[in-house]
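J.: Sequence and predicted structure are below.
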Amino acid sequence: MTDEESMGKWFARVTKPQLNEYNSRMGVAAAYRGAPRWDRERAAAQREFHEATAEARRLYETAMDELSSLGEITEATDYALTQFDVGAIVTEAPLSPDLEVIRSCLERTS
């Protein structure tokens, strides 16, 4: 596995809770596919995913830039990646809201 592939796997691993949340939201919104409501729900879910994964994305992009320009990840970036991993382990993943509550709210507002 290349370093670039390893970084891709790292990003996928550390953003898995956020991706699960995004997928849950999109599953609830699926009933509105093709309607303006779908577009709004999708845009909101994408925005929240982008915001929730900003720090991981910044570290990923820094590491990828270093790999392409230096051929390796600097010690400082490696340390930042390690600290991010430690923080992710210590911090609980955000809990997904009850999908039934979301579903009932969507039904009332549509």
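T.: Nice, I can see it. Keep in mind that what you see is a predicted model, and the values were worked out from it rather than measured.

J.: What helix or strand is the spatially closest residue to Ala52 that is not a sequence neighbour located in?
T.: Using Cβ to Cβ, 6 or more residues apart in numbering and skipping the chain neighbours, the partner closest in space to Ala52 is Gln18 (4.5 Å). From N, CA and C alone the C-beta is placed, and that goes for glycine too. Of the helices and strands defined by DSSP states H and E, Gln18 is found in helix 16-29.

J.: Can you give me the separation between the residue nearest to Asp85 when sequence neighbours are not counted and Met26?
T.: Of all residues beyond its chain neighbours, the one nearest Asp85 is Val14 (6.9 Å), with distances taken as Cβ to Cβ, 6+ apart. For Val14, the distance to Met26 equals 20 Å [Cβ to Cβ, to the nearest Å].

J.: So if I had to pick from those two, which one is more boxed in?
T.: Here Val14 and Met26 are set side by side on neighbour count (other Cβ atoms under 10 Å), and the busier one is Val14, at 20 against 15.

J.: That one and Glu55 touch, don't they?
T.: No. With contact defined as Cβ atoms under 8 Å, Val14 does not reach Glu55; the gap is 9.3 Å.

J.: show me where pLDDT drops low in this protein?
T.: 86-110 (pLDDT under 70).
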